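Chemist: Starting from these lines, generate the structure:
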Amino acid sequence: MANLSDDDVRTASRKAFAALPNLKEAIAHLSTLKGVGPATASAVLAAHTPSIVPFMSDEVYVFVNL
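Modeler: A predicted model of the protein is given here:
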């Protein structure tokens with residue numbers, strides 16, 4: 001993630017936060033960033049909006065088939 005530009009991170013983050021409460025779409029926006037998968041994306045979203053977004057491990061993400 002060190003090679004990501006600030007603009008790329010800001011753009012993906014803005015799109016992800018605007019997509020809430022659609023969790024699938026929000027995770028998809030953050031997952032466009034190299035090195036960010038569903039677990040990391042859900043951690044970022046949960047820190048931003050803990051009342052809406054639970055943290056999900058990769059295993060849970062695969063299990064619920066988002």
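Chemist: lowest average confidence, helix or strand, in this structure?
Modeler: Ranked by mean pLDDT, DSSP states H and E, the weakest helix or strand in the chain is helix 58-64, scoring a mean of 69.
Chemist: so what pLDDT did the spatially most central residue of the chain get?
Modeler: What sits nearest the mean C-alpha location of the chain, by CA atoms, centre = their mean, is Ala41, with 2.6 Å. Listed pLDDT for Ala41 reads 93.
Chemist: What is the burial count for Leu33?
Modeler: Neighbourhood size, Leu33 [other CB atoms under 10 Å]: 20. From N, CA and C alone the C-beta is placed, and that goes for glycine too.
Chemist: so what's it closest to, chain neighbours aside?
Modeler: Distances taken as CB to CB, 6 or more residues apart in numbering put Ala12 closest to Leu33, at 5.2 Å, once the chain neighbours are dropped.
Chemist: Looks like that neighbour contacts His29 (just checking).
Modeler: Yes. With contact defined as CB atoms under 8 Å, Ala12 counts as touching His29 (5.3 Å).
Chemist: residues touching Val9, list them.
Modeler: The neighbours of Val9, taking CB atoms under 8 Å, 6 or more residues apart in numbering as the test, are Leu33.
Chemist: Next, the buried residues of the top helix by length along the chain.
Modeler: Longest helix of the chain, by residue count under DSSP state H: helix 6-19. Neighbour-count burial for helix 6-19, counted by 16 or more other CB atoms under 10 Å, picks out 12-13, 16, 19.
Chemist: Appreciated, that's everything.
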